[in-house]
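**Student:** okay, sequence plus prediction incoming.
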Amino acid sequence: MIEKEIRDNYNRKYLYDILKCADVRSSSALYAYANFLNKKGHQFDLIPLYFEILYTNNRYAIDALFKGCVARDFFDFIRVPESFVFVKIFGLFDQFPKNAIYKQTIKACCGYLKHYYRSAKDGFNVYPVSIRDINSIGKYLNEDKDQKFQLNRDILDILLYISELDQHHEMDIEKKKIASHASRIRSDFFDSKRSIVQSISSAILEEPKEISSEISPEGVYLD
């Protein structure tokens, strides 16, 4: 029993060190692990491991995980909406400050949200999105670019779907409030005399002064 606990603790520490990517050795291990998962193909029971890699925000490992597929379609193999996937996605947006998440990760997450919130009522029944969730994704709108910018288009579409929760027959006050907030963020974006800071607090919209660069795995370099 003691031997098993020692082994489990060692394994957890080893995995934690890999996920931190604090040196070339751990970055190389994570990169190799992402490649290993990629070669296994999309599997439902591997979803938690996919998110472990996405949460490292390490572009080398994420590119290895997404190799051979379009990032926006990465989660298309999930045929039925899963609440824990919504939790992981909104948690990711919430954890990182504005513009800190790797662009390929955002594409994959937005692809999933657009697919399952297209019918906002059905999506809400699986995962009742909150004001905090809406803010966490709304903060990624780029007001220096127009609605044709792909990231803006994706987020604006998601907000539109959520805003449609406010139907004339809807009696749920909380649902109407959430829909109204999503609609207000969209309006602030489209109104040249306004800004989304009027719907999302400046603290949430604050960008990091600098984003630490990842340590490259051995033998792997960015173009």
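**Tutor:** The structure has been received and is ready for your questions.
**Student:** just for the chain, where's the confidence low?
**Tutor:** 1-22, 170, 210-213, 219-223 (pLDDT under 70).
**Student:** could you rerun that using 90?
**Tutor:** 1-30, 79-81, 99, 118-124, 165-176, 192, 207-223 (pLDDT under 90).
**Student:** show me the helices in the protein, by range?
**Tutor:** Ranges of helices in the chain, per DSSP state H, are 2-20, 24-40, 47-56, 59-66, 83-95, 103-117, 120-126, 131-138, 150-163, 173-190, 202-205.
**Student:** what sits against the residue nearest to Val87 when sequence neighbours are not counted?
**Tutor:** Leaving aside its chain neighbours, Val87 sits nearest to Tyr127 (7.1 Å; criterion: C-beta to C-beta, 6 or more residues apart in numbering). The C-beta positions use only the backbone N, C-alpha and C, and glycine is treated the same way. Residues near Tyr127 by C-beta atoms under 8 Å, 6 or more residues apart in numbering: 81, 83, 86-87.
**Student:** which among the residues you listed count as buried?
**Tutor:** Burial by neighbour count, judged by 16 or more other C-beta atoms under 10 Å, picks out 81, 86 from the contacts of Tyr127.
**Student:** how about the contacts of Tyr127 in TSV, adding distance to Glu214?
**Tutor:** Output for the contacts of Tyr127, formatted as TSV (distance: C-beta to C-beta, whole Å):
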residue	distance to Glu214
Pro81	32
Ser83	31
Phe86	27
Val87	25
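**Student:** need the max-distance pair from the contacts of Tyr127.
**Tutor:** By the measure C-beta to C-beta, Pro81 and Val87 form the most distant pair in the contacts of Tyr127, at 11.9 Å.
**Student:** neighbours around Gly68, how many?
**Tutor:** Residues lying near Gly68 (other C-beta atoms under 10 Å) number 7.
**Student:** surely it touches Asn35?
**Tutor:** No. The criterion here is C-beta atoms under 8 Å, and Gly68 misses it with Asn35 at 10.9 Å.
**Student:** so for Pro217, which of the helices of the chain sits nearest?
**Tutor:** Once the helices of the chain are compared by C-beta to C-beta, helix 24-40 is nearest, at 3.8 Å.
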